[in-house]
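K.L.:
What follows is a predicted protein model with its sequence.
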Amino acid sequence: MLDNRIKSKFVMKKYLLFLLSLLFILSGCIKQPLEISGDLPRGFVYVDQIIPDIKIDLRYYGNDNFIGKRVDGYIEPKCILTARAAYALKKVQGELRPFGLSLKIYDAYRPQQAVDHFVRWSEDTTDKKMKNTYYPNINKNDLIKEEFIASESSHSRGSAVDLTIVSLYNENKELNMGSGFDYFGKKSFIDYKDLDNNQRANRLLLNSLMKKHGFVPYSKEWWHFKLRKEPFPKTYFNFPVK
C-alpha cells in the first residue's frame, strides 16, 4: 500500500514537471499580456545602452515638432526600441562609424497615447502655429487622408524608428536630405526627384544601409523605417517613454 502511494506521488511529480516544461516552451509564443521586466516590458531596451555612441534628439519630448509642444507619453528623453530593432541598428552604426558618421534618432518607440495626441491635434483646425515649418502646402485636416498621421503607428509596436545621418563628432552637422524631419509634403517622399546630387546620395546611403540590415522604408518619409521581422507585429503598446 505504501509502495503504491510513493509510486503515485512519483508519477504525479513527473506529470507536473512535464506540464511546467510545456508551459515554459509555449510561453515563448505568447505575446500578450507582457510582463514588465524592470523599467521596460520584456523584449524592449534603451537604445543608447546597446549603441553608446548613437545620437538621440527625441523631437516629441520637446517643442521642436509639428505640434509645437511636448507630446503625451514622453516623460523623459529616453530612446526605446525592441531589442531586435536596436541590435539591427547597431549594425548600421557599425558601418557608418569608420567614416566618422553616426545615426541620429528623432523618434523610436512611441506610446499609443502619443498617437492619439497627434490625431486630436490634427482635428483642431484652430491650431496652425507650426504650419509654415511642417505642412505649408497641406490643409491640416487633410494630414490623415494624406497618410502623414494615422490612428495607429508602427512606432507603437516598438520596431520603427525615425532617423538621419550626422557627423560622429558633431551631431548638429546633419547630412542634407533635401527636407527636414517631419516635413509633410512631396519633398519628403523617397521618390522625390527635385534633389541635387548630394541630397540624392545622402538619402541613398541611409536607405541602402537600413534595408541591408533588415528595415523597410516608408514611401512618404525618407526618415522612417520599420524592422521587417518585428517581434510584435500586432501589438500597439502604451507604456510611457521614461
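P.N.:
Great, that's in hand.
K.L.:
Send me stretch 188-200 as CSV with only the CA atoms.
P.N.:
Output of stretch 188-200 as CSV, limited to C-alpha atoms (Å, rounded to 0.1, in the frame of the first residue of the first chain):
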residue,chain,number,x,y,z
SER,A,188,9.9,64.1,-48.1
PHE,A,189,8.8,61.3,-50.5
ILE,A,190,11.5,58.7,-51.1
ASP,A,191,11.0,59.0,-54.9
TYR,A,192,11.0,62.8,-54.9
LYS,A,193,13.1,63.9,-58.0
ASP,A,194,13.9,67.5,-57.4
LEU,A,195,17.1,66.9,-55.3
ASP,A,196,20.7,67.8,-56.0
ASN,A,197,23.3,65.0,-56.3
ASN,A,198,24.4,65.4,-52.7
GLN,A,199,20.9,65.1,-51.3
ARG,A,200,20.2,62.2,-53.5
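K.L.:
For the residue lying closest to residue 97 once chain neighbours are set aside, give me its contacts.
P.N.:
Setting aside the residues directly before and after it, residue 97 is nearest to residue 168 in space (CB to CB, 6 or more residues apart in numbering), at 6.4 Å. Yep, even glycine has a C-beta here, placed from its N, CA and C like the rest. Taking CB atoms under 8 Å, 6 or more residues apart in numbering, we find residue 168 in contact with 53, 96, 97, 100, 101, 102.
K.L.:
same thing but at 10 Å, please
P.N.:
Applying CB atoms under 10 Å, 6 or more residues apart in numbering to residue 168 gives the contacts 53, 54, 55, 93, 96, 97, 98, 99, 100, 101, 102, 103.
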